[in-house]
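Chemist: Whatever this is, show me its structure:
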Amino acid sequence: MQKMDLSDSQLRAAWLHHCHFLDCDLRRTDFSGADLKDACFVNANVSGANFTNADLTNCDFTNAIIDGADFSGAKFQNVKSRNLRGTPKNLPSSTLIRHRSFIITGDKE
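Modeler: This is a model prediction of the structure:
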């Protein structure tokens, strides 16, 4: 998907492996409990989105707008992100922040 407006969508517990949300408007979208392994959010606006308990393994958030996005309980492993904009809510304690890029790593299971 590219340049689509999916704002305010309900995608709770959806299986969205390898989905590409390039340049998409995903503001306030509910991804809680979704399986988003290998999903791509490059240049997407996920402001206010709910990623609570979502699996974000190998996701790419490069150049995404993440202001107010809720990542409570989300699984972070090998998440790529550079030049993120905005301030998210509830990033896991394993998140490392350097300069204007996030390097997000998960704990080994």
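Chemist: residues contacting the residue most central in space within the chain?
Modeler: Nearest to the mean C-alpha position of the chain, by CA atoms, centre = their mean, lies F61 at 6.1 Å. If a contact means CB atoms under 8 Å, 6 or more residues apart in numbering, then F61 has 41-42, 44, 46, 79-81, 84, 102 as its contacts. Backbone N, C-alpha and C define where each C-beta goes, glycine included.
Chemist: swap in N63?
Modeler: With CB under 8 Å, 6+ apart, N63 has these contacts: 42-43, 82-85.
Chemist: Output the below-cut-off pLDDT ranges for the protein.
Modeler: For the chain, the stretches with pLDDT under 70 are 92-109.
Chemist: Outside of stretch 48-56 itself, list whatever touches it.
Modeler: Taking CB under 8 Å, 6+ apart as the rule, stretch 48-56 contacts 26-37, 39, 67-77, 79.
Chemist: what about burial for those residues, which qualify?
Modeler: 26-37, 39, 67-71, 74-77, 79 (16 or more other CB atoms under 10 Å).
Chemist: hmm, back to that, can I get the buried part of the contacts of N63 as one ChimeraX selection?
Modeler: To isolate in ChimeraX the members of the contacts of N63 that are buried, counting by 16+ other CB under 10 Å, one can use:
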select :42,43,84
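Chemist: Tell me which of the contacts of N63 fall in strands.
Modeler: Using DSSP state E, the subset of the contacts of N63 located in strands is empty.
Chemist: out of the contacts of N63, who's nearest M4?
Modeler: N43 (12.3 Å; CB to CB).
Chemist: now the strands for the chain?
Modeler: 95-98, 101-104.
Chemist: Quick check: beta-bridge partners of K75?
Modeler: D55 (DSSP bridges).
Chemist: how about it, what does it touch?
Modeler: Contact analysis of K75 by CB under 8 Å, 6+ apart lists 54-57, 106.
Chemist: ranking these by neighbours, who comes first?
Modeler: A54 (30 neighbours; other CB atoms under 10 Å).
Chemist: Pull stretch 52-68 out as CSV, backbone CA atoms only.
Modeler: Presented in CSV, the C-alpha positions along stretch 52-68 are these (Å, rounded to 0.1, in the frame of the first residue of the first chain):
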residue,chain,number,x,y,z
THR,A,52,-0.1,-2.1,22.4
ASN,A,53,1.1,-5.7,22.6
ALA,A,54,1.8,-5.7,18.8
ASP,A,55,4.7,-7.8,17.4
LEU,A,56,7.0,-5.4,15.6
THR,A,57,9.9,-7.8,15.0
ASN,A,58,12.0,-6.6,12.0
CYS,A,59,9.7,-3.6,11.3
ASP,A,60,11.0,-0.5,9.5
PHE,A,61,9.9,2.9,10.8
THR,A,62,12.4,5.0,8.9
ASN,A,63,11.2,8.6,8.5
ALA,A,64,7.9,7.9,10.3
ILE,A,65,6.0,10.4,12.4
ILE,A,66,5.4,8.6,15.7
ASP,A,67,4.1,11.5,17.9
GLY,A,68,1.8,10.1,20.6
